[in-house]
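Participant: Provided below are the primary sequence and the corresponding predicted coordinates.
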Amino acid sequence: MSHQQVKFYQTGTLTVGNRLLDKEERTVQATIDRSNSLDSGHRACQGCGEALGARYAIDTAMRETNNKLIAANATGCLEVFTTPYPETSWTIPWIHSLFGNAAAIGTGIAAAMKVKGKEDVRVIAQGGDGGTTDIGFGCLSGMFERNDDVLYICYDNQGYMNTGVQRSSATPGGARTATTMPVGPEPGADFDKGKNVPLIAMAHEIPYVATASIDRLHDLEAKVKKAMSVRGARYIQIFVPCPLGWGSVPAQTVNLARMAVESGIWPLFEGEHGEITSVTKIRKKVPVEEYLKPQRRFAHVVKNPETLSTVQEIADRNIRKFGLLEEQE
Amino acid sequence: MNDTKPFAITLDVGGSLLNKTGSWRTERPVYLDRLPPCNDMCPAGENIQEWLYHAENGEYKKAWLEIMKNNPFPAVMGRVCYHSCEDACNRVHLDDPVGINSVERFLGDQALINQWKVEPGKSSGKKIMIVGAGMAGLACAYHLRLFGHDVTIFESSSKSGGMVRYGIPKYRMPNEKLNAEIHRIQDMGVTIELNTKIDDVIATKEKYGFDAVFLSIGAQNAKLIDIKSDQSIPSLSAIEILRGIEDDVATGLHGHVVVYGGGNTAIDVARSAVRMGAKSVKVVVRNSQDKMPAHYEEINEALEEEVEIVPFRSISEIKKGQLILEIMKADGKRSKPTGKFESIEASVVVQALGQNVDESLLDNLTNLKLEDGVLEVDAHMMSAIEGVFAGGDMVPSERNVTVAIGHGKKAARNIDQWLQGKFQKPSKKHEIADHSMMNTWYYSDAPRTIRPMLDVVRRQSGFAEVVGDLDETNAAFEARRCMSCGNCFECDNCYGVCPDNAVIKLGAGKRFEFKYDYCKGCAMCATECPCGAIKMEPELI
């Protein structure tokens, strides 16, 4: 269990900070001296979930490694909005590779550090879902299979947002993208396609795999912390809503992540060496409509009772499969 | 020197801080303090959210001092206040309102145990005369001492405390707590002259050289109706009975007690009668039970103690040891007689139909008269005579202890300003923090800690205090249920959820600031602020 929820004390561990909690139970994000690895002035859209997720994850990793951290970054939104030449928003050693080889670059940096005897310097490779689940998948699987000492973080916004919102293998069924328009008898992305990379990562039996969401900061930070406490190949996929690609209001980004978790659409779990070791329970279960409705990409899904119930079935299946509900007392 | 740039660009290599993304913004977030509904409702003007904030952290003295800014009687009010604050509490939309009253009581008791004190202000050389040592007079005296004025209270009874002592039975208000809180005010240098009835206010004022006067004689004369009677059953006044209980003299309550009236005083007499061994206690009211003006908690506790409420009846006649009641029926908000009668057994009838202000005080004040039984005052609590202020039950307003304490404070502030020659305009009220402005998802589920109640049998046989205390662990727990509506409690959410790192954390107790150079105006901070302390305002372009 990576994160034990504190239930009382006004807001418990639900808010970013809480003056009533013990110091060690507080988040990195609540500290005045967090590293702000991804600083102001970047060019992400208003309310960008990925910018938020990246700062959450990298700040935590920085704290855990005493700031001895190098990041390799695949092509994608995160790379484009943080580093338009000649500016950079990163306050850490950071390297942009190609679209498909961030995992391989990470492997190379880790090998170089080992050769130089600097194994205290840790390596993160990161990218969006396109660079991870599609284009970089070969390199990623190789990194897993060799158990290279790299933490790979995928910021999952469910599509190629940077290039104009095309479908990726992480795009959910029903979603409208530029390449899956809501036309014809089965509008939007197909329901029977796509891949679940966290489970594929687990199939490699690597030391640590987790899913996280930007609405559960305590949970997210605990997972990054756990990942940095072990060596070998590790994988975290963070759910990061995209106002531009999803057609949602920027202010709703964190709330959409919350609704994805609370509905069962985005199950939060951890796995070690191929076995699931913990799940984060749903706090107050909501129907999938709460998650779908604020997004224009699902407008046609919400209108059609049949597709709506298909999405609800997916959520219910997750709840069953991962045991996401607290057991009735 | 060669200053050509690499490639075809004109910018220097550097961090993204050069890129002021604040220019994208059409709306800007602004921190603000909204008025929590509890504070808004409190007749004594307590800053409840603020003192709960200190109590959450276990800083009980700080919390108590915050209460004392507005109310010198936390131990009393933690017992007898009807806590309209809790009725307004936004937490009701989640589970139950915060037990504000229990925490206030806990803090008040802590202050008495630890003998916490408040220092009077630097002497101003001004002298104020107060008539009546009830809650309004005592509260006014306390606040005047904070301003540094000398205060003398003249009280006609043999004890101070007014209706809290003489009108509220001991099972709700133990004397030692009341005495201790009054002593604390006396220790600040307030003189109380007991057994001193003032007949001529102006003459007394001039004789001792007082600079201003505050009248707070309350409303202590019972309203009595003439009941047609052959004197076979005695008819008594509620206020006299409650006074008798306090002074330990025979009250005449015995056998089958019938109380006439539906207010808090009626319930107080009924519950006292239960404790004094009455065979049965009935409360006769002209209308339905839910239209009774008494507080619902008191009615419920009375019912638990087997007091019977007899609705839709009026007392018609006392005849041959029987009480004749006329049956009433609903008529809109009121009730009307039906011409049908019934009789019930009664050993004693108690009238609890309200109280009037004693007019004799005003005999020598030629400019002052009671209108509709009360004394008119202006917005500054000043009567028609310059420098003579009044408050409490004798002026037009709701009659309860909390209102009286609020009057005392308001009058003291106005007297202080009047002595300085000018009334100040009251500051504008903040916008009320409605729960729709909040993101209540963040608050932990935490049901209310109900104060332990004495079991019914123990209550029926004595005047022991009915509602028990919170202890330190559950008092803090109860305080932590406060959602801090409209006021930042430094949960760090805005600091955390900003994708642009455009919020600066200033450190514990200092809250936050926006970096408007980089804030893109996404409004995530305002949306995710649990307590509604951030507002989006249009950017003026």
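Facilitator: Looks like it came in fine.

Participant: and B:Tyr296, how many neighbours?
Facilitator: B:Tyr296 is flanked by 12 other residues according to other Cβ atoms under 10 Å in any protein chain shown. Every residue, glycine included, has its C-beta placed from N, CA and C.

Participant: residue nearest the centroid of chain A?
Facilitator: A:Ile238 (0.9 Å; Cα atoms, centre = their mean).

Participant: my read is that that residue contacts A:Ser213, right?
Facilitator: Yes - between A:Ile238 and A:Ser213 a contact is recorded at 6.9 Å, counting by Cβ atoms under 8 Å.

Participant: any common contacting residues for the two?
Facilitator: A:Leu220 (Cβ atoms under 8 Å, 6 or more residues apart in numbering or on different chains).

Participant: send the alpha carbons of the helix or strand containing B:Leu325 over as CSV?
Facilitator: Using DSSP states H and E, B:Leu325 sits in strand B:322-331. What follows is strand B:322-331 as a C-alpha-only set of coordinates in CSV (Å, rounded to 0.1, in the frame of the first residue of the first chain):
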residue,chain,number,x,y,z
GLN,B,322,-60.8,21.5,37.4
LEU,B,323,-59.2,23.4,34.5
ILE,B,324,-61.5,24.1,31.7
LEU,B,325,-59.8,24.3,28.3
GLU,B,326,-61.4,25.5,25.1
ILE,B,327,-60.5,23.5,22.0
MET,B,328,-59.0,25.7,19.2
LYS,B,329,-58.6,25.0,15.5
ALA,B,330,-56.0,26.2,13.0
ASP,B,331,-56.9,29.4,11.1
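
Participant: any idea of the mean pLDDT in that strand?
Facilitator: The average pLDDT within strand B:322-331 is 92.

Participant: next SSE downstream of it?
Facilitator: For strand B:322-331, the following helix or strand on the C-terminal side (DSSP H and E) is strand B:334-345.

Participant: end to end, how far does stretch A:181-201 reach?
Facilitator: 30 Å (Cα to Cα, to the nearest Å).

Participant: now do stretch B:239-253
Facilitator: Note: stretch B:239-253 ends 13 Å apart using Cα to Cα.

Participant: burial check on residue 229, number of neighbours?
Facilitator: As the question left the chain open, I've gone with chain A. 10.

Participant: wait, chain B was what I had in mind.
Facilitator: For B:Ser229, the neighbour count with other Cβ under 10 Å is 15.

Participant: for the closest residue in space to it that isn't next to it in sequence, helix, strand, or coil?
Facilitator: Of all residues not flanking B:Ser229 in the chain, B:Ile318 sits nearest, at 3.9 Å (Cβ to Cβ, 6 or more residues apart in numbering or on different chains). Three-state call for B:Ile318 (DSSP: H, G, I helix; E, B strand; the rest coil): strand.

Participant: residues contacting B:Ile318?
Facilitator: Contacts of B:Ile318 (Cβ under 8 Å, 6+ apart): B:227-233, B:235, B:324, B:346, B:349.

Participant: and what of B:Glu431?
Facilitator: B:32, B:34-35, B:486.

Participant: how about the strands in the stretch 151-300 of chain B?
Facilitator: Using DSSP state E, counting those that start in this stretch, the strands of the stretch 151-300 of chain B run over residues B:190-193, B:212-215, B:221-222, B:228-229, B:235-237, B:256-260, B:280-284.

Participant: let's have those in JSON lines, adding mean pLDDT.
Facilitator: Output for the strands of the stretch 151-300 of chain B, formatted as JSON lines (pLDDT from 0 to 100):
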{"stretch": "strand B:190-193", "mean pLDDT": "96"}
{"stretch": "strand B:212-215", "mean pLDDT": "96"}
{"stretch": "strand B:221-222", "mean pLDDT": "88"}
{"stretch": "strand B:228-229", "mean pLDDT": "90"}
{"stretch": "strand B:235-237", "mean pLDDT": "91"}
{"stretch": "strand B:256-260", "mean pLDDT": "95"}
{"stretch": "strand B:280-284", "mean pLDDT": "95"}
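
Participant: what about those strands, which gets the closest to B:Asp416?
Facilitator: Closest to B:Asp416 of the strands of the stretch 151-300 of chain B, according to Cβ to Cβ: strand B:212-215, at 9.2 Å.

Participant: packing partners of the closest one?
Facilitator: strand B:127-131, helix B:201-208, strand B:388-390, helix B:401-419 (3 or more Cβ pairs under 8 Å, 6 or more residues apart in numbering or on different chains; DSSP states H and E).

Participant: give me the distance between it and the centre of its chain.
Facilitator: Distance of strand B:212-215 from its chain centroid, counting by Cα atoms, centre = their mean, to the nearest Å, is 23 Å.

Participant: distance from the chain centre to stretch B:166-182, please.
Facilitator: Counting by Cα atoms, centre = their mean, stretch B:166-182 is centred 16 Å from the centre of its parent chain.

Participant: got it, and stretch B:248-256?
Facilitator: Remark: stretch B:248-256 is offset 32 Å from the chain centroid, using Cα atoms, centre = their mean.

Participant: could you list the buried residues of it?
Facilitator: B:251, B:253, B:256 (16 or more other Cβ atoms under 10 Å in any protein chain shown).

Participant: out of the helices and strands in chain B, which is least certain?
Facilitator: Least confident helix or strand, chain B: helix B:456-460 with a mean of 66, by mean pLDDT, DSSP states H and E.

Participant: so who does residue 301 touch?
Facilitator: All of this refers to chain A. By Cβ under 8 Å, 6+ apart, the residues touching A:Val301 are A:174-175, A:188, A:292, A:307-308, A:311.

Participant: that's the wrong chain, I meant chain B
Facilitator: Residues in contact with B:Glu301 (Cβ under 8 Å, 6+ apart) are B:271, B:466.
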